[in-house]
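>>> Dropping the sequence and predicted coords here.
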Amino acid sequence: MEDIYYIEDDPDIANMVKEYLEQKNFRVKIWGTFAEAKCALKKHVPALILLDWNMPDGRGDGMCQYLRRNWKELPIIFLTVRGDSQDIVSGFQNGGDDYVVKPFELEVLHSRILALLRRAGNGAKQYLSCDGIEMDLNRRSVSCHSKEVDVSPAEYELLLYLMENKGKTLTRERILEQIWDVKGNYVNNNTLTVTMKRLRDKLCQPACIKTVRSVGYRMEDKI
Amino acid sequence: MSGRKHVFITLGFALSLSLIASAVSVMLVSFYDSRHQFDLLSAVCGEIVEREPETKQVVSGVLKEYAQGNVRAEDDFLSLLGYHISDFSRMSGGCRVLSAAAGFLTGFFLFIFTYLFRNRAEAKRICSLADYLEQVNTKGAPILSDSGEDEFSKLKDEIYKTVTSLYHTRDEAVQAKNDFAENLSNIAHQIKTPITAISLSLQMMKQELGGNQFKRMEKQLLRLTRLEEALLVLSRMDAGTLVLEKNETDVFTILVLAKDNLQELFADSGASIEIPELGEMVVSVDLDWTMEAFMNLMKNCMEHSNGGKIHCSYGQNPFYTEILIWDEGEGFLKEDIHHLFERFYRGKNANEGGIGIGLALSKEIIERQNGTIRAKNRVGGGALFEIRFYRH
């Protein structure tokens, strides 16, 4: 049974999320302020943290930076009413792994939690797979529903980067940096968009590659 | 000190100076004249007496008579003898005219020079004030340097006061606007908390009780959420606090991202959208908000195309970038076409969930980025949106 800390000041919302997640076999503890949460974290670090942005004793970005400084790999999901693109982007920049805007579907939250927890256990492997798409890293080949697909080097790198970060939202800037800039090819947004479109076409528009509004892309397992 | 008073004092000085000057010159001229007359008379009389010594008696008698004012000599006795006035003047006629002209011209040039100088000084002052106002309009109010007292000092002071108070008023207005937008955004965010609580308890109830009786509530909640988002965006738009960050953005990327974000809606309606790869074309717009504008246009096409295809096309020339989005549906109704982009306008065939915000929002976003949008019906049927972003 995985345990989750939920940092939220509205008791109604917190209790309902707790009740739902407990049905899904999680142990949830609610903390009404950042100070309480920090105190509890000193004694025990949970498997995942759900973080509200507006709290009586501070803002979510400060707390998130604090968490990142102390626990580099701890999965953090923002759960907040602030749905503007700048807010979302700053949430990711401050170290959040995912961002869920209120009001939200409990099932969506559940699947995001599962995706993050699964990623946390990923190690280096030869085979990567997601929803029928498989990659063999040694042979540098991609197959979709057991049929081999011919992809260009850029498409392969893009798919690999998404697969390695399954469940995590990747910003367009980071993808450009990771796939092209590090090799000294400075390309623009058009190249990324075109590469993504061709990759999706070749993989028959897979549902597992999601476009995240205002941010970038994410690879997601179906639950 | 008022300018008029200043002018009166100057005029008074000039007048008194010229009066004094003319009085002195009249005195000098009459003194000179009587001396000249005395010399002339004495020379003439001396000559007569020298030639005819016996006339001394007669001459002195005549002089005595003349001095007493009893002489009635024959008019123009000298003229009859063929003499002119100038023959007895010490100065020649030309010389007199020349000196008079020299005096007159000197005065005249002095006058013109003073006049021009004054005008130039005025023009310079006006120029500097105009420059100041221009600076105020372009860069912000610099401190107006003091340049002494003159008839423009008051104008300068008033301009400075007006500019300062305008700046003050503007700052206040901006502050009020920001406060307003801040409050609205606060309230809009606060509304989300109860909506979230309701939505969560609805989901829990649905899970426990099952059934379809919650569908209507879900729909209304969704609508409430959308209204709240629209309220937030519109209030920001009106308050001018919606910041559009113009960056060099690829058109194909905007269109594809708009399409990606509508994927679920499109999957439900069975419509599909085609975006051709026409190479890189860059426009200077805010990616997120322009994408939002295109999403609203695509959504509108989707709602009226009954599961058909939606097409996009784009092109660029030195003046503008043009983007076309069209569907294969019925096209716009004639009575709707002029009101399409009005806020809260609901066309005859509008969807039940809509609130009449999407197209109005699209138009505002596009127009705030130096663009235009037009809606028309295509020749072969179907609705067409034509968007242009101008370079300048």
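Here it is on my side, so go on. Numbering: from 1, shown residues only, chains lettered A, B, ... in the order given.
>>> What parts of the stretch 101-250 of chain B come near chain A?
Contact residues (C-beta under 8 Å from any C-beta of the partner chain) of the stretch 101-250 of chain B with chain A: B:189, B:192-193, B:195-201, B:203-204, B:207, B:221, B:225, B:229, B:249-250. (Glycine included, C-beta is placed from N, CA and C.)
>>> go with 7 Å
With the criterion set to C-beta under 7 Å from any C-beta of the partner chain, the stretch 101-250 of chain B comes near chain A through B:189, B:192-193, B:195-197, B:199-201, B:203-204, B:225, B:250.
>>> Helices along chain A, start to end?
For chain A, the helices defined by DSSP state H cover A:11-23, A:34-43, A:60-70, A:85-93, A:106-120, A:153-164, A:172-179, A:189-202.
>>> for the host helix or strand of residue B:18, the distance to its chain's centre please.
Taking DSSP states H and E as the criterion, residue B:18 maps to helix B:3-51. How far helix B:3-51 lies from its chain's middle: 59 Å, per C-alpha atoms, centre = their mean, to the nearest Å.
>>> next SSE after it?
Heading C-terminal from helix B:3-51 (DSSP H and E), you reach helix B:56-68.
>>> For that following helix, name the packing helices and strands.
helix B:3-51 (3 or more C-beta pairs under 7 Å, 6 or more residues apart in numbering or on different chains; DSSP states H and E).
>>> what's the angle between the helix it packs on and helix B:56-68?
Orientation of helix B:3-51 against helix B:56-68 (axes from the mean of the first three to the mean of the last three C-alpha atoms, to 10 degrees) gives an angle of 160 degrees.
>>> before we move on, the earlier item: which of the helices of chain A sits closest to residue A:147?
helix A:189-202 (10.7 Å; C-beta to C-beta).
>>> domains of chain A?
A:2-120, A:127-219 (automatic domain parsing).
>>> can you list the residues of chain A near chain B?
Residues of chain A lying near chain B (C-beta under 7 Å from any C-beta): A:10, A:12-13, A:16-17, A:19-20, A:81-82, A:85, A:102-103, A:105-106, A:188-190, A:193-194, A:197, A:211, A:213-214.
>>> 8 Å instead, please
So chain A meets chain B at A:10, A:12-13, A:16-17, A:19-20, A:23, A:54, A:81-83, A:85, A:102-106, A:188-190, A:192-194, A:196-197, A:211, A:213-214 (C-beta under 8 Å from any C-beta).
>>> what sits against residue B:227?
Contacts for residue B:227 (C-beta atoms under 8 Å, 6 or more residues apart in numbering or on different chains) come out as residue B:355.
>>> tell me which residues in the one helix or strand it maps to are buried?
Applying DSSP H and E as the criterion places residue B:227 in helix B:215-239. By neighbour count on 16 or more other C-beta atoms under 10 Å in any protein chain shown, the buried set for helix B:215-239 is B:221, B:224-225, B:228, B:230-237, B:239.
>>> just stretch B:19-31 next, same as before
Buried residues in stretch B:19-31, counting neighbours by 16+ other C-beta under 10 Å, are absent.
>>> Pick out the residue nearest the middle of chain B.
Using C-alpha atoms, centre = their mean, the residue of chain B that lies closest to the mean C-alpha position is residue B:137, 7.9 Å off.
>>> what about that one, which helix or strand?
Per DSSP H and E: helix B:93-138 holds residue B:137.
>>> looking only at pLDDT, what's the mean for that helix?
Mean pLDDT, helix B:93-138: 86.
>>> Same list (the helices of chain A) but as a markdown table, adding mean neighbour count and mean pLDDT.
Below are those laid out as a markdown table (neighbours: other C-beta atoms under 10 Å in any protein chain shown; pLDDT from 0 to 100):
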| stretch | mean neighbour count | mean pLDDT |
| --- | --- | --- |
| helix A:11-23 | 18 | 92 |
| helix A:34-43 | 15 | 90 |
| helix A:60-70 | 17 | 89 |
| helix A:85-93 | 18 | 85 |
| helix A:106-120 | 17 | 84 |
| helix A:153-164 | 19 | 91 |
| helix A:172-179 | 18 | 89 |
| helix A:189-202 | 19 | 91 |
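>>> need the ones you listed in TSV with distance to residue B:88, can you?
Below are the helices of chain A laid out as TSV (distance: least, C-beta to C-beta, whole Å):
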stretch	distance to residue B:88
helix A:11-23	124
helix A:34-43	119
helix A:60-70	111
helix A:85-93	104
helix A:106-120	125
helix A:153-164	117
helix A:172-179	109
helix A:189-202	106
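>>> right, and those - which one's nearest residue B:13?
Nearest to residue B:13, of those and by C-beta to C-beta, is helix A:85-93 at 70.2 Å.
>>> chain center to that closest one: distance?
Counting by C-alpha atoms, centre = their mean, helix A:85-93 comes out at 13 Å from the chain centroid.
>>> what's the closest of the helices of chain A to residue B:340?
Closest among these, using C-beta to C-beta: helix A:85-93, at 26.4 Å.
>>> Not counting its own residues, what contacts the closest one?
Applying C-beta under 8 Å, 6+ apart, the contact partners of helix A:85-93 are A:53, A:60-61, A:64, A:78, A:80, A:82, A:99, A:101, A:169, A:171, A:213-215, B:288.
>>> tell me the two of those that are most distant?
The widest separation within those (C-beta to C-beta) is 22.1 Å, between A:64 and B:288.
>>> tell me the centre residue of chain A?
residue A:168 (2.5 Å).
>>> for it, what are its contacts?
Going by C-beta under 8 Å, 6+ apart, residue A:168 touches A:97, A:98, A:116, A:119, A:218.
>>> Would you mark the buried spots in stretch A:93-106?
A:94, A:95, A:96, A:97, A:98, A:99, A:100, A:101, A:102, A:103, A:104, A:106.
>>> Stretch A:180-187 too?
residue A:180.
>>> Just the CA atoms of that stretch, as PDB, please.
Output of stretch A:180-187 as PDB, limited to C-alpha atoms (Å, rounded to 0.1, in the frame of the first residue of the first chain):
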ATOM      1  CA  TRP A 180      18.400  18.600 -31.300                       C
ATOM      2  CA  ASP A 181      20.300  21.200 -29.400                       C
ATOM      3  CA  VAL A 182      22.600  18.800 -27.500                       C
ATOM      4  CA  LYS A 183      23.800  17.600 -30.900                       C
ATOM      5  CA  GLY A 184      24.400  21.100 -32.100                       C
ATOM      6  CA  ASN A 185      21.400  21.200 -34.500                       C
ATOM      7  CA  TYR A 186      19.400  24.200 -33.500                       C
ATOM      8  CA  VAL A 187      16.000  23.700 -35.000                       C
END
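>>> So what touches that stretch?
Stretch A:180-187 is contacted by residues A:154, A:176, A:191 when judged by C-beta under 8 Å, 6+ apart.
>>> For the second one, give me its contacts.
If you count contacts by C-beta under 8 Å, 6+ apart, residue A:176 has them with A:187, A:189, A:192.
>>> The first one too?
Residue A:154 sits next to A:179, A:180, A:191, A:195 when contact means C-beta under 8 Å, 6+ apart.
>>> and of those residues, the nearest to chain B?
Closest to chain B out of the contacts of residue A:154 is residue A:191 (8.2 Å), distances taken as C-beta to the nearest C-beta.
>>> ok, now which ones touch the residue nearest to residue B:200 when sequence neighbours are not counted?
Here the nearest residue to residue B:200 in space, its sequence neighbours aside, is residue A:16; by C-beta to C-beta, 6 or more residues apart in numbering or on different chains that works out to 4.2 Å. The neighbours of residue A:16, taking C-beta under 8 Å, 6+ apart as the test, are B:197, B:200, B:201, B:204.
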